[in-house]
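Asker: Using only what follows, build the 3D model:
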Amino acid sequence: MDNFDTLKLNKEFRRAYGRGKSFVSGALVSYIVPNRQNSLRIGITVGKKVGCAVKRNRSKRVITAAFRECAKHLSPGYDIVFVARSKTPFVKSQVIFKAMKQHFVQFGIWNFTDEEATN
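Answerer: Below you'll find the predicted structure:
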């Protein structure tokens, strides 16, 4: 699945924080909650503690790039909120991709291909 929508409203983010399941890694926190639509929606938040605007924007770009790699393996019908941590602007998107994959596998929405299942 390559297409995904974005969360824009505060109530959508609050719903993910309140009802979603959270997963934490060194550079990323993920909140995953099922939605009633047949679409995949994401939201990215970066607090001011991460750093200046340059670091916050880099964090968003790295998270988005990693998610584009993950999106084709995910089941639709979920809202996902990613929260950047202080390490996020200093890591590559492959590190974030591995963290995302681990979160999605733990939640059970990662669709394995035949070659991944054998490894």
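
Asker: I'd like the secondary structure assignment at the residue nearest to the spatial centre of the chain, please.
Answerer: When Cα atoms, centre = their mean is applied to the chain, the residue found nearest the centroid is Phe82 (4.5 Å). With DSSP: H, G, I helix; E, B strand; the rest coil as the basis, Phe82 sits in strand.

Asker: and the gap between it and Thr113?
Answerer: From Phe82 over to Thr113 the distance is 23 Å, taken as Cβ to Cβ, to the nearest Å. For every residue, glycine as well, the C-beta is placed using N, CA and C.

Asker: cool, Phe4 as well?
Answerer: 19 Å.

Asker: Those two: who's more crowded?
Answerer: Phe4 (17 against 9; other Cβ atoms under 10 Å).

Asker: List the beta-bridge partners for the residue lying closest to that one once chain neighbours are set aside.
Answerer: Among residues not flanking Phe4 along the chain, Leu40 sits closest, at 4.4 Å (Cβ to Cβ, 6 or more residues apart in numbering). Judged by DSSP bridges, the bridge partners of Leu40 are Tyr78.

Asker: ok, Leu40 touching Pro76?
Answerer: Yes - the criterion here is Cβ atoms under 8 Å, and Leu40 meets it with Pro76 at 5.1 Å.

Asker: Which one's more surrounded, those two?
Answerer: Leu40 (22 against 15).

Asker: Tell me the pLDDT of that one.
Answerer: pLDDT recorded at Leu40 is 93.
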